[in-house]
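In: sequence? don't have it. structure:
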């Protein structure tokens, strides 16, 4: 199953469980940048037996249920497109804090323009992606913007 493949990939130490750090990496690569507090909250929700780690059964239940958002229900082709989008974001997120500053966006915009992904002017593109208007583009905002464009 897809759940087993994903679980095995992120169970880096092959302990049969996914630990906090592994879960944070899984979320990031699926397009969710979570703060440490958000990772903790998600772990509490998934870790039904409260042992501090996510078993395969706990993970599988969550994976099947999903979070009712489009990201969880991707086929292999769309999952690959999402992974490529995350790698693209990571490339321009030089400080790896999960956001693109206006300075980092300069190079990102040029790349998006070269690949015919964006048609708007730079400031308009930035404002479209920066959904919460905090002056930075989060990984989540970037992925949501690409989804609205029909990328996955």
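Out: Done, it's in. Nothing here was measured: the structure is a model prediction, and the numbers come from that model.

In: what helix or strand is residue 28 on?
Out: helix 20-29 (DSSP states H and E).

In: And whichever helix or strand comes after that helix, what's buried?
Out: Next helix or strand after helix 20-29 toward the C-terminus (DSSP H and E): helix 36-46. Residues of helix 36-46 classed as buried: 39, 42-43, 46 (neighbour count, 16 or more other C-beta atoms under 10 Å). Heads up, the C-betas are built off the backbone N, CA and C, glycines and all.

In: any idea of the angle whichever strand or helix holds residue 8 forms with helix 20-29?
Out: Taking DSSP H and E as the criterion, the element that holds residue 8 is helix 2-10. Put simply, helix 2-10 runs at 120 degrees to helix 20-29, going by axes from the mean of the first three to the mean of the last three C-alpha atoms, to 10 degrees.

In: Quick one: find the helix or strand in the protein with the lowest mean pLDDT.
Out: When the helices and strands of the chain are scored by mean pLDDT, DSSP states H and E, helix 36-46 comes last with a mean of 78.

In: Tell me which other helices or strands the longest helix seen in the chain touches.
Out: If you go by DSSP state H, the chain has its longest helix at helix 76-92. If you count contacts as 3 or more C-beta pairs under 8 Å, 6 or more residues apart in numbering; DSSP states H and E, helix 76-92 packs onto helix 20-29, helix 102-114, helix 139-149.

In: before we move on, the earlier item: for the buried residues of helix 36-46, which two are the farthest from each other?
Out: The most widely separated members of the buried residues of helix 36-46 are 39 and 46, with 10.5 Å between them, by C-beta to C-beta.

In: Residues that sit against both of the two, list them.
Out: residue 23 (C-beta atoms under 8 Å, 6 or more residues apart in numbering).

In: Now residue 94: closest residue in space, sequence neighbours ignored.
Out: Using C-beta to C-beta, 6 or more residues apart in numbering and skipping residues adjacent in sequence, the residue nearest residue 94 is residue 104, 6.1 Å away.

In: Relative to residue 55, how far out is that neighbour?
Out: Remark: distance between residue 104 and residue 55 (C-beta to C-beta, to the nearest Å) = 38 Å.
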